[in-house]
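> model the structure of this input:
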Amino acid sequence: MIRFCLFAFLFSLSWARAQSLRVAVSANAQFVMEPLRTSFQRQTGIRVETIVSSSGKLAAQIQQGAPFDVFLSADMTYPQALHQQGLTTDAPVIYGYGSLVLWTMGKLPLNDLSVLQHPSVRHIAIANPATAPYGEAAIALLTYRKQLEAVRDRLVYGESIAQVNQYILSGAAEVGITAKSVVMDPSLKGRGSWMDLPPPGYTPIAQGVVVLKRSRQEKAARQFVQFLRTPEARRILQQYGYRTPTA
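Numbers count the residues shown, from 1 in each chain. Take a look at the predicted model:
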C-alpha cells in the first residue's frame, strides 16, 4: 500500500510537470517573464515552467532535442535559424524591443560612456557576444562610441545577461552593460544606479518568439504567443522598459 501511494504521488508529480508549458526564455526577459507567466496562468489555467539561459545556448539545446514548447529569444536571428531548420511551427514574431543600460553598485558618475575609463573601473561586465544578443549589442555600442579599444582589457564576459547581473550586484564588476528590463524589475529598483544607453550605436533589439514543432502542447503554446500580443502583456512589457510592436 505504501509503495502504491508513493508511486501514485511520483506519477502525479510527473504528470503535473509534463502538463506544464515549457517556455525557454532568454536571460534578459527573466524578470518580465514572472508577471507575464502569472497573468497568463490566471487567464488560462495553464501552468508555465520557464528555462532561462542565453539565446544561443537555448537555441543549441533546441537543436539537440530539448523538450521545450515555446522559445522567447533576445533577438530574431536564433528563432529564424530554428525556423529555417524546420524546428518551429511558424516564422518568429516580434514580441518586444529591448535596449541597454549601464548599471553600477558603486558611486560612479554616470554621465556618459567615458565613465568606463574611470580609474576605479577595473572590470566591465557584458554578456558573451557569441551567444547573447545583448552582448553583441554592447560590443556594437562600444565600437560606435569609440570606447571598445580603450576598455577591451577591462571587459569580463557573462554567459548570459543573468551572469552579468550577478557580476554587477556582487561588485565583482564595478559596472556593466545589461538589459533595461533588469533594472526595471521591482525587486531591483533602488539597487545601485543606472543610465539609459539607447541607439544609435546598435539596432533596437527585436526579440522573437516561436512555437516549437516538438511541442506536445501546441494549442497551449499558441495561446501563450497570442497572449504576448494582448494589451495586458504589452502593458507588462512596457513596464519593464520594452517597446512593443503595434497590435
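> which helix or strand in the chain has the lowest average pLDDT?
helix 2-19 (a mean of 44; mean pLDDT, DSSP states H and E).
> what about the helices in this structure?
Using DSSP state H, the helices of the chain run over 2-19, 30-44, 55-63, 77-84, 133-144, 148-151, 161-170, 180-183, 218-227, 231-239.
> give me whichever of these is most buried.
Mean neighbours per residue, mean count of other CB atoms under 10 Å, is largest over those for helix 180-183, with a mean of 25. Any C-beta I mention is one placed from the backbone N, CA and C, and that applies to glycine too.
> may I have that helix as CSV, with CA atoms only?
The C-alpha coordinates for helix 180-183 follow below in CSV (Å, rounded to 0.1, in the frame of the first residue of the first chain):
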residue,chain,number,x,y,z
LYS,A,180,16.9,47.8,-19.3
SER,A,181,14.3,45.2,-18.3
VAL,A,182,16.5,44.1,-15.5
VAL,A,183,16.8,47.4,-13.7
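> which strands or helices does that helix pack on?
helix 30-44, strand 100-104 (3 or more CB pairs under 8 Å, 6 or more residues apart in numbering; DSSP states H and E).
> reformat those as a markdown table; add distance to N165.
Formatted as a markdown table, the helices and strands packed on helix 180-183 follow (distance: least, CB to CB, whole Å):
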| stretch | distance to N165 |
| --- | --- |
| helix 30-44 | 9 |
| strand 100-104 | 8 |
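> okay if I get the ones you listed as a markdown table plus mean pLDDT?
Shown next, in a markdown table, are the helices and strands packed on helix 180-183 (pLDDT from 0 to 100):
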| stretch | mean pLDDT |
| --- | --- |
| helix 30-44 | 97 |
| strand 100-104 | 98 |
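> to L237, which of the ones you listed lies closest?
helix 30-44 (6.2 Å; CB to CB).
> for the closest one, packing partners?
Against helix 30-44 (3+ CB pairs under 8 Å, 6+ apart) you get strand 21-26, strand 48-53, helix 180-183, helix 218-227, helix 231-239.
> now render these as a markdown table, adding mean pLDDT and distance to A127.
Output for these, formatted as a markdown table (pLDDT from 0 to 100; distance: least, CB to CB, whole Å):
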| stretch | mean pLDDT | distance to A127 |
| --- | --- | --- |
| strand 21-26 | 98 | 10 |
| strand 48-53 | 97 | 11 |
| helix 180-183 | 97 | 11 |
| helix 218-227 | 98 | 25 |
| helix 231-239 | 97 | 20 |
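> minimum distance to V164: which of those has it?
helix 180-183 (8.6 Å).
> roughly how far out does the closest one sit from the chain middle?
The chain centre lies 10 Å from the centre of helix 180-183; the measure is CA atoms, centre = their mean, to the nearest Å.
> residue ranges with poor pLDDT in this structure?
Applying pLDDT under 70 to the chain flags the ranges 1-18, 247.
> list the contacts for the most centrally placed residue in it?
In the chain, the residue lying closest to the centroid (CA atoms, centre = their mean) is N28, at 2.6 Å. The neighbours of N28, taking CB atoms under 8 Å, 6 or more residues apart in numbering as the test, are 74, 98, 134, 161, 178-179, 181-182, 207.
> pull the most distant pair out of those.
Longest span within the contacts of N28, CB to CB: T178 and Q207, 14.9 Å.
> with neighbour numbers in mind, choose between the two.
T178 (29 against 25; other CB atoms under 10 Å).
> other residues contacting stretch 38-50?
16-17, 19-25, 30, 33, 37, 220, 223-224, 227, 232-233, 236.
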